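Asks: Here's my sequence, what's the structure:
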Amino acid sequence: MLKQFSSVLSSQSVGEADVRWEENRRVVITFRGPVLTDCRTYSTSGGHVRCFGGGGKALASITDPTHVEDALRGAARASQAMGSLRKTPVSLADESTAVGAFPTPTGHDPRQVSLPEKLELLEYYNRLALDVPGVATTRAEYQEWSSQRWFASTRGASVEYDLLLVNIVLRVTARKNGVVQDTAVSFGGSADYGRLFGRDGEVRERAERAVELLSAPQARAGVFPVVLDPDEAGLFIHEAFGHLSEADGIQHNPSFRGRLGLGTEIASPSLSVTDDPRLPELPGTYTVDDEGLYGRRTELIKEGLLVGRLHSRETAAAFGEPTSGNMRAVDAFYTPIIRMSNIFVEPGQDTFADMVSAVEDGYYLVGAKGGQTSGDQFTFGAQYGWKIRSGRLAGLVRDVNMSGDLFSTMQRVRMVGDDLTFSERGGCGKGGLGPMQLNPKSGKGAPHLLIDRVTVGGAR
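Replies: Numbering: from 1, shown residues only. This next block holds a predicted model:
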C-alpha cells in the first residue's frame, strides 16, 4: 500500500501532499447493574488526502485505497482555488519525516484474547462492586481500540504504524434517603491486557467509598487552600492549561496569543509541565503522528515560564516555532488536529504529608470527575474530598468541586509533590473547526499539588 501511495504522489504535480489510510477495530462490552447491555466488535476503514498548493489547503476522504489518484487531483484543484482567496498563504514547517514500520510493543496482546474471556473478566469486576452492601447500581465498560495506519507524503514520509489501547472503567452508584453518590475506577491504559488483572482491591475500595460518602457532609463553599490528588491535578493541567498549549486553539485568537507568548511567566516557579508521547505504556504513547513526524518530548512550562507549545507543521510555520509531532486523528472519519499526548506536571520535592501539614483550613480533593473550561475559566468536580483542619485530614466530604481563573490559579501553586502518577484512563474530546473527536490516546499525569487559593463549590 505504501508503494502505491508513494508512486501516485510522485507522479502528480500537486505541490505538497500526503495520504493516510487506516483500518480500525473496536471492542465494547457494557454492563448496567447486573445486565449486559452491549457486547460488540466492529471495524472501520478509510483514509484522507491532504494537498497544500498555491497557498491553500484542501482535504479529500476516500473509502477505497485505489481511489487515491482521483482524490489527489480533486484536492489539488481545490487547494489552488482556496489559495487564490486567502490573504495569508498556508505554509508548512520544513521538517524531516519518518520512514519505516512502527508496531506497538505488547505484553499480553488483547487482540489475542477471546471475546468470552473479556466478557467474563468484566462481569467479575462488576459483580465485586455490586456485592458491596449499599451499592445501588453500576456501569462497567470494557473498551479496546486498535488502529493500523499507513502514511506517505511528497516529502518522503513512508510509515506503517499501529495504535492499541485497552481499558476497564467501572462507575459505582450508591443511594440512600435521597442522597446519591458516584465513584469510579479505571485501569489498563496501555496495549497490555495483563494490566487488567488483579485490580480487585481498587474496585472494592471505590465501591465502599461511594457507600461511605452517603453519610458524609457536603463540602462548605468558599475560597480555600486545596491539595489535589494526582488524578485531579492531572485533569486540571490537561483541561485548564493543556488545550491552550495546542497551537491550533489559539492560532486565530489574538487575545490568547498575546497572553501566551513564549517566555511569559504564567505560573508559580514551582510548576513545570511537559508533553511526551515517548513515555512507555501510557494512554497517550505513540512513535509517529499522522503527519509522518516523530513524536517529541516538549517542555511547555519550565519553572513558571511558558517555553513551548504543541504544533502541526502548519501552526509551527505560522508561529515560527519548532514542530512537536502532535498532529493526530481519532480514526478514518476525521482529519488530524493537534492533540496532547501524555501531558504531565513534573514532580517536585514535597511530600503529601508536608502539604496537608501546611493547610490550616482547606480541602483535599480526590479523583477526577469531569468538568469544563471556557477560555481561561475552569470548573472541575472531584469524586470526593477530605476536610483539612490544623494540618490533619478531618473527615470525608461529598459534592465538592473547584473553579477559578487558570492564570491566577497556576500562580498560586505553592507545593509540588514528589509522587508523579499517571492516570490509566485516556481520553480527550476536541472539535475546533471540525466535528468533535473523542481521542482515547491522550494521557495525563501529576503529583499531588497544593494551591493556596481556589474557589470550592459545595453547601452554603
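
Asks: Residue 103 and residue 164 touch, don't they?
Replies: No: with contacts counted by CB atoms under 8 Å, residue 103 stays clear of residue 164, the gap being 9.1 Å. No exception for glycine: its C-beta is placed from N, CA and C like everyone else's.

Asks: And the two? Which one has more around it.
Replies: Neighbour totals were compared for residue 103 and residue 164, and residue 164 leads with 23 against 12 (other CB atoms under 10 Å).

Asks: so where do the helices sit in the chain?
Replies: 2-11, 68-83, 115-130, 200-213, 230-236, 247-250, 254-259, 313-319, 352-357, 406-411 (DSSP state H).

Asks: re the thing from before, which neighbours do residue 103 and residue 164 have in common?
Replies: Common neighbours of residue 103 and residue 164, counting by CB atoms under 8 Å, 6 or more residues apart in numbering, are absent.

Asks: Please work out which of the helices of the chain is packed deepest.
Replies: Of all these, helix 230-236 has the most neighbours on average by mean count of other CB atoms under 10 Å, namely a mean of 26.

Asks: Could you export the helices of the chain to TSV, including columns for mean pLDDT and distance to residue 189?
Replies: Below are the helices of the chain laid out as TSV (pLDDT from 0 to 100; distance: least, CB to CB, whole Å):
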stretch	mean pLDDT	distance to residue 189
helix 2-11	89	30
helix 68-83	93	35
helix 115-130	98	15
helix 200-213	98	13
helix 230-236	96	12
helix 247-250	94	25
helix 254-259	89	31
helix 313-319	96	28
helix 352-357	98	22
helix 406-411	95	26
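
Asks: Low-confidence stretches in the chain?
Replies: 432-433, 458-460 (pLDDT under 70).

Asks: how close does the residue most central in space within it get to residue 346?
Replies: Centroid-nearest residue in the chain: residue 442, 2.9 Å away (criterion: CA atoms, centre = their mean). From residue 442 across to residue 346, the span is 19 Å (CB to CB, to the nearest Å).

Asks: Report the beta-bridge partner residues of residue 27.
Replies: Following DSSP bridges, residue 27 is listed with bridge partners residue 41, residue 144.

Asks: For it, give me its contacts.
Replies: 40-41, 110, 115, 118, 142-144.

Asks: could you show me where the strands are in the stretch 201-350 of the chain, in order?
Replies: Ranges of strands within the stretch 201-350 of the chain are 222-228, 273-275, 298-302, 305-306, 327-328, 337-338, 342-345, based on DSSP state E, counting those that start in this stretch.

Asks: Ok, which of those strands comes nearest residue 68?
Replies: Closest of those to residue 68 is strand 327-328, at 19.8 Å (criterion: CB to CB).

Asks: which helices and strands sit right next to that closest one?
Replies: strand 337-338 (3 or more CB pairs under 8 Å, 6 or more residues apart in numbering; DSSP states H and E).

Asks: number of nearby residues for the closest residue to the residue nearest to the centre of the chain other than its chain neighbours?
Replies: Nearest non-adjacent residue to residue 442, counting by CB to CB, 6 or more residues apart in numbering: residue 428, 3.8 Å away. If you count neighbours by other CB under 10 Å, residue 428 ends up with 22.

Asks: Can you tell me how far the closest residue to residue 287 other than its chain neighbours is from residue 151?
Replies: Excluding its sequence neighbours, the residue lying closest to residue 287 (CB to CB, 6+ apart) is residue 102, at 4.3 Å. Between residue 102 and residue 151 the distance is 10 Å, computed by CB to CB.

Asks: and the end-to-end length of stretch 220-232?
Replies: End-to-end distance of stretch 220-232 (CA to CA, to the nearest Å): 19 Å.

Asks: Now do that stretch: distance to the chain's middle.
Replies: Taking CA atoms, centre = their mean, to the nearest Å, one finds the center of stretch 220-232 at 22 Å from the center of the full chain.

Asks: and that stretch, which residues are buried?
Replies: For stretch 220-232, burial by neighbour count (16 or more other CB atoms under 10 Å) applies to 220, 224-232.

Asks: Can you add distance to residue 179 and give these back as CSV?
Replies: Listed next are these as CSV, based on distance: CB to CB, whole Å:
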residue, distance to residue 179
220, 17
224, 23
225, 27
226, 23
227, 25
228, 25
229, 23
230, 28
231, 23
232, 22
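
Asks: what's the farthest-apart pair in the residues you listed?
Replies: 220 and 230 (24.4 Å).

Asks: Kindly provide the distance from residue 259 to residue 267.
Replies: Residue 259 is 13 Å from residue 267, by CB to CB.

Asks: Tell me how far the residue nearest to the centre of the chain lies from residue 145.
Replies: Counting by CB to CB - residue 442 and residue 145 are separated by 12 Å.

Asks: for residue 294, which residues make a bridge with it?
Replies: Beta-bridge partners of residue 294, as defined by DSSP bridges: residue 288.

Asks: Verify the stated contact: it with residue 287.
Replies: Yes: counting by CB under 8 Å, residue 287 is a contact partner of residue 294 at 6.8 Å.

Asks: Need the overlap of contacts for these two.
Replies: residue 98.

Asks: per the record, what domains does the protein have?
Replies: The chain is divided into the following domains under automatic domain parsing: 2-213, 222-457.

Asks: Out of those, which is the most enclosed?
Replies: domain 222-457 (a mean of 20).

Asks: Distance from stretch 51-64 to the middle of the chain?
Replies: Computed by CA atoms, centre = their mean, the chain-centroid distance of stretch 51-64 equals 27 Å.
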